[in-house]
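>>> return atomic coordinates for the entry below.
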Amino acid sequence: MEKSVEAYYKKLDHYYDSDGRLTQYPSKRPMRIIALIRITEQMDPDRKIAFEDIELVRREMYQYKLLGRLRDGSEYWVENDWRNAYAEYIRED
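Below you'll find the predicted structure:
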């Protein structure tokens with residue numbers, strides 16, 4: 001899987017603009033997971049987040065257990081063990 005993950009990372013770079021913002025959501029599951037991991041890595045684990053208009057990304061981050069949430073959806077947080085769950089997708093630079 002290591003070679004394919006590297007290939008996905010290279011392909012995924014085309015989905016970001018020069019400021020590092022995701023401009024298109026990938027259709028392939030491994031690339032979506034890597035994109036969501038990039039977003040999760042930029043989040044402060046101690047910060048609670050209120051989302052407004054990114055339902056798809058939020059829903060998938062919750063589905064893939066990168067984020068936890070209150071039942072009413074008013075607060076989200078980075079799950080503590082997401083790195084263990086997705087260790088095979090994380091590229092060590």
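
>>> pretty sure residue 12 sits against residue 36.
No: using C-beta atoms under 8 Å, residue 12 is not in contact with residue 36; the gap is 10.9 Å. Quick note: C-beta positions are derived from backbone N, CA and C, even for glycine.

>>> the two: who's more crowded?
Ranked by neighbour count (other C-beta atoms under 10 Å), residue 12 and residue 36 place residue 36 first, with 24 against 18.

>>> how distant is the helix or strand in which that one is found from the center of its chain?
Using DSSP states H and E, residue 36 falls within helix 29-41. In terms of C-alpha atoms, centre = their mean, to the nearest Å, the gap separating the centre of helix 29-41 from the centre of its chain is 3 Å.

>>> following it, which helix or strand comes up?
Next along the chain from helix 29-41, counting by DSSP H and E, comes helix 55-63.

>>> quickly run through the sheet partners of the helix or strand just after that next one, with directions.
Proceeding N to C from helix 55-63, the next assigned helix or strand is strand 67-69, under DSSP H and E. Applying DSSP bridges, strand 67-69 is found paired with strand 76-78 (antiparallel).

>>> good, wrapping up.
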